[in-house]
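Trainee: what's the 3D shape of this:
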Amino acid sequence: MVKKSNLVVLGVTKSMEVPRFKKKLEANFDSKDILDQGTPNVIYGLMDVPNAFAQSQEAKGSGQSVEVSQAMSLARFYQCPVAETLRLWDSKPEDNLILEMQFSKYQKSLSEYSLIQGLHHTAIQCVNEIGIDLQATADNEEHHNLF
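Mentor: Model (predicted):
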């Protein structure tokens, strides 16, 4: 017997699209024929970080399709937005996918160095505010080599 998943990951390009997609999706899942386990858990989110992650060397090396990489990134982003966003960070500017994201319409007027410094400072502030569970990080295979 195959167990069906009750998780749907849905990326949207504009935040105003979320209510429309949510209404359509919930209407389709009212029928028990579609999903034996009832209404699914749905993750909605903007695709900026998942799109950037799908272009990373890590995602390309995983052997997963772009869509699966984006869905996994969106699910991780839902769990911890700071961790998933910082996953795009690289000390080499040419490999730093965060620099390709658009945070402000004035962003292009900054030098790359100023932008990196500002983003680095903001990342440190965010991590300091929310903290880090060192035990959970040490137990995570992906992050184990950081210690």
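Trainee: contacting residues for the closest residue to residue 56 other than its chain neighbours?
Mentor: Distances taken as Cβ to Cβ, 6 or more residues apart in numbering place residue 97 nearest to residue 56, at 5.8 Å, with adjacent residues excluded. (C-beta placed from N, C-alpha, C; glycine too.) Residue 97 makes contact with 52, 53, 55, 56, 88, 89, 90 under the criterion Cβ atoms under 8 Å, 6 or more residues apart in numbering.
Trainee: please redo it, this time with the cut-off set to 6 Å
Mentor: Residues near residue 97 by Cβ atoms under 6 Å, 6 or more residues apart in numbering: 52, 56, 88.
Trainee: So which of those residues belong to helices?
Mentor: Here DSSP state H is the test, and the contacts of residue 97 give residue 52 as lying in helices.
Trainee: Quick one: the contacts of residue 97 as TSV, columns for pLDDT and neighbour count too.
Mentor: Putting these into TSV (pLDDT from 0 to 100; neighbours: other Cβ atoms under 10 Å) gives the following:
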residue	pLDDT	neighbour count
52	91	21
56	89	17
88	90	21
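Trainee: can I get the contacts of residue 97 in TSV with distance to residue 76?
Mentor: Below are the contacts of residue 97 laid out as TSV (distance: Cβ to Cβ, whole Å):
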residue	distance to residue 76
52	13
56	13
88	12
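Trainee: Residue 116: which of the contacts of residue 97 is nearest?
Mentor: Nearest to residue 116 among those is residue 88, at 12.8 Å by Cβ to Cβ.
Trainee: For residue 62, see how far away the closest one is.
Mentor: 15 Å (Cβ to Cβ, to the nearest Å).
Trainee: what number of residues lie near the nearest residue to residue 126 once chain neighbours are set aside?
Mentor: In space, and not counting its chain neighbours, residue 126 is closest to residue 82: 5.1 Å by Cβ to Cβ, 6+ apart. Counted with other Cβ atoms under 10 Å, the burial measure for residue 82 works out to 14 neighbours.
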